[in-house]
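Participant: Show me how the following folds:
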Amino acid sequence: MTTWTAFTTLSDAASAAALGEALERLAPEGVAVAEIEDGSGLHEVAGYFAAPPDAAALALLAAAFGARPFAVSELPETDWVAHVRRELAPVEAGRFFLYGSHDADRVPPGRVGLLIEAAMAFGTGHHGTTRACLLALDRLAEAGFAARTVADIGCGTAVLALAAARVWPEARILASDIDPVAVEVAQANARANGLAGRVECLAAEGFDHPVLAAAGRFDLVFANILMGPLIGLAPAMADSVAPGGHAILSGILQDQVPAIVDSYLPLGFTVSAREDLGDWSALTFCRTAA
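Facilitator: Numbers count the residues shown, from 1 in each chain. Next up, the predicted model:
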């Protein structure tokens, strides 16, 4: 089925949310409101339509909320899963090789292969932040670091938890996400990689789960989320990472790195490594204080 999109941008979240609510009356297929993750501070509002939208109504809405004029695009009928499977190349990051089932015969000898289907939500490892975290993990393992307990907070597809489980077969690996659907995806990926009994997947906000609390302090914590939640998570991270342990944090634009560092250094962390890929960074912190 052919569909249409109409999207615009605004400079503040409150106006974007209000415009999105108003747009719902015109867009029967759905509305999305999100901050653009490029450091611009802009928010995008998009509506989805089964028929060409009313241009005059969209112009009135944009003017009423101080938004830029809506840009309308026609989307032809496409089998997006098949398209992604054709176009999405495997991801290589240090020892890791992430692939879809259509590329199962392409895993190079001696590499750690992780099957992540393109049809799955919440990321396939192609985003710079995920690859940067994998490179940081590879760097730690190459240096001889061995984790006994690992937590992947805001795990999404659980790529990072799965990678840690491959590197340290005896470690206890916990993966949590605030979204129950993400947890289901993580569980499916664990099963697909033969790691269902090795990676425990939980629905939790941050470290707020009895299983995470009972696990004690972790030797390694991943948190590939966004700057705001990472800063809010800093005190809990300090309580949850064992002395001598590490936290690999990403979802951070390069110009946001100083704010993250300023939030973590006073809590007993030092920066031990940094990976920059495109506009994004991953920081590896070492927990030095008890």
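Participant: for the spatially closest residue to residue 279 that is not a sequence neighbour, phi and psi?
Facilitator: Setting aside the residues directly before and after it, residue 279 is nearest to residue 253 in space (Cβ to Cβ, 6 or more residues apart in numbering), at 5.6 Å. The C-beta positions use only the backbone N, C-alpha and C, and glycine is treated the same way. Note on residue 253: its backbone torsions stand at phi -70, psi 150 [degrees, to the nearest 10].
Participant: List the residues that contact residue 106.
Facilitator: When contacts are counted by Cβ atoms under 8 Å, 6 or more residues apart in numbering, residue 106 is found next to 90, 99.
Participant: That one and residue 99, how far apart?
Facilitator: Look at residue 106 and residue 99: by Cβ to Cβ, to the nearest Å, they are 6 Å apart.
Participant: can you give me the helices in this structure?
Facilitator: Per DSSP state H, the chain carries helices over the ranges 13-23, 55-65, 80-87, 128-142, 159-167, 180-192, 210-214, 227-240, 257-264.
Participant: Just the mean pLDDT for the second one, thanks.
Facilitator: By that I understand helix 55-65. For helix 55-65, the mean pLDDT works out to 91.
Participant: In it, which residues are buried?
Facilitator: Applying a neighbour-count criterion of 16 or more other Cβ atoms under 10 Å, one finds 58, 61-62, 65 buried in helix 55-65.
Participant: Kindly reformat the residues you listed as a markdown table containing distance to residue 164.
Facilitator: Written out in a markdown table, the entries for the buried residues of helix 55-65 read as follows (distance: Cβ to Cβ, whole Å):
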| residue | distance to residue 164 |
| --- | --- |
| 58 | 47 |
| 61 | 47 |
| 62 | 47 |
| 65 | 45 |
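Participant: which of those residues sit farthest apart?
Facilitator: Farthest-apart pair in these is 58 and 65; separation 11.2 Å (Cβ to Cβ).
Participant: Just give me the neighbour total for the closest residue to residue 59 other than its chain neighbours.
Facilitator: Among residues not flanking residue 59 along the chain, residue 69 sits closest, at 6.6 Å (Cβ to Cβ, 6+ apart). The burial count assigned to residue 69 is 12, neighbours taken as other Cβ atoms under 10 Å.
Participant: same check, this time on residue 26
Facilitator: Burial measure for residue 26: 15 neighbouring residues, criterion other Cβ under 10 Å.
Participant: Quick check: the nearest residue to it once chain neighbours are set aside vs residue 25, distance?
Facilitator: Distances taken as Cβ to Cβ, 6+ apart put residue 57 closest to residue 26, at 5.7 Å, once the chain neighbours are dropped. With distances taken as Cβ to Cβ, residue 57 is found 9 Å from residue 25.
Participant: got it, and residue 179?
Facilitator: In this structure, residue 179 and residue 25 are 27 Å apart, going by Cβ to Cβ.
Participant: Next: residue 10.
Facilitator: Relative to residue 25, residue 10 is positioned 18 Å away (criterion: Cβ to Cβ).
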